[in-house]
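Asks: sequence first, then the predicted structure, then my questions.
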Amino acid sequence: MSSESGRKLKFNILRYDPQTPGDKPRMETFEIEEAPVMTVFIALNEIRAKYAPALQYDFVCRAGICGSCGMVINGRPDLACRTLTSKFPEGEISLMPLPAFELIGDLSVDTGKFMRAMTERIEGWIHDETKDTVSLDQLEARMDPDTADKIYELDRCIECGCCVSACGTKRMREDFLGAVGFMKVARFEVDPRDQRTDADYYDLIGDDDGVFGCMTLLGCEDTCPKDLPHQSRIAYLRRKMAQVR
Ligand code: SF4
Ligand code: F3S
Ligand code: FES
C-alpha cells in the first residue's frame, strides 16, 4: 500500500523518563493516518501534537544535516527526518532510543557528551608544532585539491551516533572507541597539516579499545546515513597500526 493511500500507521514507541522517580520503561502505541511523503520525524510531530505532549525526541535541521534525530527505527539505527514511513509496507513502526548513549528520556539521548569525550580522546584537532598561536592576518595554507577532496570526503560525519549504536563490539565493551572515532582519526591522518606520526596515532588507537578491538561486524558501514567508508578506513588504519613497533 503506498503512502498516498491514507493508510493507518501504528507506532510502538519506548517511553521512559529517567528523571521521574518510579517511572518504568514501557512501549506505548499510537495510531495516525499516513500523509504523502511522511517521514518518521513528521509522524512523531503529529503524535506529540495529538496524543503525547511530553514525548521526547531531538531534531534541529529536519534535513539530515545536524545528526540530532538518530533513533532505532524497526530495529535499525537511522535518522528520523530521512526515513519515509512508506519504507515499511506492514504499516507498523517501532521506535527506540539509540543504545550506547546516555538516555535523556523516551527517544532522546545525549550524543553530545559522547562525541565530546571521543574528540578529546583522539585529540581531534590539527597538531602543528610550528604554530602555537593563530593569527587572523595569516593566509590559509594552500592545499592540493585532491587532498582537500579526500579530507572533505572523510569529514562529512554529522555525529548522529548511528554507527556507534549499530556496533556489537561497542555494546559489549564500553571503552571501545567506535567507528565515528576511527573515521575522525582517518580524517586527520590524511591531512598534511597534522604532523602526528603513525606512532602518535598508535598511542591513541593501537589497542583493543581502539582499532584492534574492532571485530569487523560492519554495522557502522551498514547504518551510516552519510555512507562514510568505514570498512575501508578501519582496515587501512588497522594495517597501518600493525606496522608500528
Ligand atoms: Fe553518523 Fe556516520 Fe558519523 Fe557515525 S560516521 S556518527 S553513522 S555520520
Ligand atoms: Fe563495530 Fe564497525 Fe568494527 S560495527 S566491530 S566498528 S566494523
Ligand atoms: Fe537534523 Fe534529522 S533533524 S539530521
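Replies: Sure, I can see it. These numbers were taken from a predicted model, which means no experiment stands behind them. Ligands and ions are numbered 1, 2, ... in the order given.

Asks: when you work out contacts or count neighbours from here on, use the C-alpha atoms and nothing else.
Replies: Noted.

Asks: wait, is residue 77 part of a helix?
Replies: No. Under DSSP: H, G, I helix; E, B strand; the rest coil, residue 77 falls outside any helix and is assigned strand.

Asks: so who does it touch?
Replies: 70, 71, 98, 162, 163, 165, 166, 223 (C-alpha atoms under 8 Å, 6 or more residues apart in numbering).

Asks: just the ones in helices from those residues, please.
Replies: Among these, the residues falling in helices (DSSP state H) are 162, 163, 165, 223.

Asks: residue contacts, the third one?
Replies: Listed by C-alpha under 8 Å, 6+ apart, the contact partners of residue 165 are 77, 98, 99, 100, 101, 171.

Asks: next, the closest residue to the last one other than its chain neighbours: phi, psi?
Replies: Counting by C-alpha to C-alpha, 6 or more residues apart in numbering, residue 100 is the residue found nearest to residue 171 once chain neighbours are left out, at 6.3 Å. Backbone torsions of residue 100, given as degrees, to the nearest 10, read phi 80, psi 0.

Asks: ok, is the longest helix anywhere in the chain in contact with ligand 1 or not?
Replies: Secondary structure assigned by DSSP H gives helix 230-242 as the longest helix of the chain. No. Using C-alpha under 6 Å from any ligand atom, we find that helix 230-242 stays clear of ligand 1, coming within 7.5 Å at best.

Asks: quick one: mean pLDDT for that helix?
Replies: Across helix 230-242, pLDDT averages out at 97.

Asks: if you count neighbours, what's buried in that helix?
Replies: 230, 231, 233, 234, 237, 238, 241 (16 or more other C-alpha atoms under 10 Å).

Asks: what helices or strands is that helix leaning on?
Replies: Where contact means 3 or more C-alpha pairs under 8 Å, 6 or more residues apart in numbering; DSSP states H and E, helix 230-242 is packed against helix 179-189, helix 198-205, helix 219-223.

Asks: thinking again about what came up before, any chance of the buried residues of helix 230-242 in TSV, plus distance to residue 31?
Replies: Shown next, in TSV, are those (distance: C-alpha to C-alpha, whole Å):
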residue	distance to residue 31
230	37
231	39
233	42
234	42
237	47
238	47
241	51
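
Asks: among those, which one sits closest to residue 182?
Replies: Nearest to residue 182 among those is residue 234, at 6.6 Å by C-alpha to C-alpha.

Asks: might one say that the closest one is in contact with residue 184?
Replies: No. In this structure, residue 234 is not within contact of residue 184 by C-alpha atoms under 8 Å, at 10.9 Å.

Asks: show me what from the protein comes close to ligand 1.
Replies: With C-alpha under 6 Å from any ligand atom as the criterion, the chain meets ligand 1 at residues 157, 158, 159, 160, 161, 162, 163, 180, 224, 225, 226, 228.

Asks: now rank those residues by neighbours and give me the top one.
Replies: Neighbour count (other C-alpha atoms under 10 Å) singles out residue 161 as the most crowded of those, with 33 neighbours.

Asks: relative to residue 58, how far out is the spatially most central residue of the chain?
Replies: With distances taken as C-alpha atoms, centre = their mean, the chain has residue 161 as the residue nearest its mean C-alpha position (2.2 Å). Distance of residue 161 to residue 58, computed by C-alpha to C-alpha, to the nearest Å: 13 Å.
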